[in-house]
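Engineer: Got a sequence here, can you model it:
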Amino acid sequence: MNMIDADGYRPNVGMIICNEQNQVLWAKRRGENAWQFPQGGIDYAETPEQAMFRELEEEVGTAKVCIIGRTRGWLRYEVPCARHRVSRRRYRGQKQIWFLLRFEGEEAEINLRTRQPEFEDWRWVDYWMPVNEIISFKRRVYWQALQELAPLINMNPPPMTDPCRSEDRYPVGGSR
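Structural biologist: Numbering: from 1, shown residues only. Take a look at the predicted model:
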């Protein structure tokens, strides 16, 4: 059972899964031309950690990871045109705790053919690449999560400033 808080946000976990080279697992949504990090809802009476391990099994077929860290607090995004009602409250979007994880299995153990597949393909990508590739309404949350968790793996500073601020969308000397 998924809960919606008083402000209209569904509690959720996001998973940034790193390999030994600090590349991150990037997954293609089933039937769509959209890529994202694995994420999923927190069920009633479930901790964020329990939800994270359950969602990993459900979405990528393995939970062979160690937790490097997690965001200090909730990061929120609104879903455009969220018009449906859930639990008699207006649904606005997701509030997420993000986990930075180190994958400890073999790549062959990543299996997207789960009971209810959400993804159809995956690949390892540069740590910062998802900020520029994710759908625009999730961009700030991705930026915040990656920025907050990067020091835990000694990741270099981001190659750009906050991509959600219009004045910062283009690097110095870049073209508009």
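
Engineer: quick one: low-confidence ranges for this protein?
Structural biologist: Applying pLDDT under 70 to the chain flags the ranges 1-2, 82-89, 160-161, 165-176.

Engineer: can you pull out the helices in it?
Structural biologist: Using DSSP state H, the helices of the chain run over 48-60, 129-133, 139-149.

Engineer: buried ones in the shortest one?
Structural biologist: If I follow you right, that is helix 129-133. For helix 129-133, burial by neighbour count (16 or more other CB atoms under 10 Å) applies to 130-131. Placement of C-beta: from N, CA and C, glycine included.

Engineer: and if you look at stretch 103-111?
Structural biologist: If you call a residue buried by 16+ other CB under 10 Å, then stretch 103-111 has these buried ones: 103, 110.

Engineer: Tell me which residues are up against it.
Structural biologist: 17-19, 25, 60-62, 64-66, 122 (CB atoms under 8 Å, 6 or more residues apart in numbering).

Engineer: Just those residues: which are in strands?
Structural biologist: By the criterion of DSSP state E, membership of the contacts of stretch 103-111 in strands covers 17-18, 25, 65-66, 122.
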